[in-house]
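Peer 1: Prediction below, plus the sequence it came from.
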Amino acid sequence: MIRLLSLFSLLCFLACNTPTPPEVDTEKLPEKTTAATSKIPVVDYNGLAPIFTQKSDTTYVINFWATWCKPCVAELPYFLELHETYKDQKYKFIFVSLDFPKQIEKKLMPFLEKNPLPGEVIVLDDSDSNTWIPAVDPEWSGAIPATMVYNGDRKIFAEKSFHDFTELSDWVETLK
């Protein structure tokens, strides 16, 4: 019963928010990989944490999303356009999927085949959301979509969906 309540609480906590070394080598991240997830790393927060502390001249764009989150999916084309805008600059895009690990093969992988994302896709599988959500950003409630952009010690975080490319691009430019 407690396990079921914990799972329900986590799902509610991660519900969609509908209001308006220099490079991380995912092959070196600790994985909980099965045959179904062999193309996408599945990590707990300890495996994901290194992407938040890179010390280089690269700007990291990290988006938390899920295939079941309508606002998350709606904003993905803006990230594709942002990637195209910055393709000749030192930007790295990382999409942290909060899809359920048991649905990777049936939902996430088919979604990514139809809608390829630039950069890396990593699945976060860590039920200790009370620890990892504030570790990502102390003000984050855990709602998605959420995006972090950082370069060195400069960081911005948005717990919201972006409604067009200009809104996303202007927000990213505030880091500079």
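Peer 2: Looks like it arrived, so ask away.

Peer 1: Would you report the backbone torsion angles of Lys155?
Peer 2: Phi and psi for Lys155, reported as degrees, to the nearest 10, are phi -150, psi 140.

Peer 1: and the gap between it and Pro134?
Peer 2: The span separating Lys155 from Pro134 equals 14 Å under the rule C-beta to C-beta, to the nearest Å. Yep, even glycine has a C-beta here, placed from its N, CA and C like the rest.

Peer 1: ok, now Asp125?
Peer 2: If you measure Asp125 against Pro134 using C-beta to C-beta, the figure is 18 Å.

Peer 1: which residue ranges form the helices in the protein?
Peer 2: Along the chain, counting by DSSP state H, helices occupy 2-13, 45-48, 70-85, 109-114, 129-136, 165-173.

Peer 1: Mind putting those into JSON lines with mean neighbour count and distance to Gln54?
Peer 2: As requested, the helices of the chain are exported to JSON lines (neighbours: other C-beta atoms under 10 Å; distance: least, C-beta to C-beta, whole Å):
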{"stretch": "helix 2-13", "mean neighbour count": "11", "distance to Gln54": "27"}
{"stretch": "helix 45-48", "mean neighbour count": "18", "distance to Gln54": "12"}
{"stretch": "helix 70-85", "mean neighbour count": "17", "distance to Gln54": "18"}
{"stretch": "helix 109-114", "mean neighbour count": "14", "distance to Gln54": "24"}
{"stretch": "helix 129-136", "mean neighbour count": "16", "distance to Gln54": "14"}
{"stretch": "helix 165-173", "mean neighbour count": "15", "distance to Gln54": "17"}
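
Peer 1: Appreciated, that's everything.
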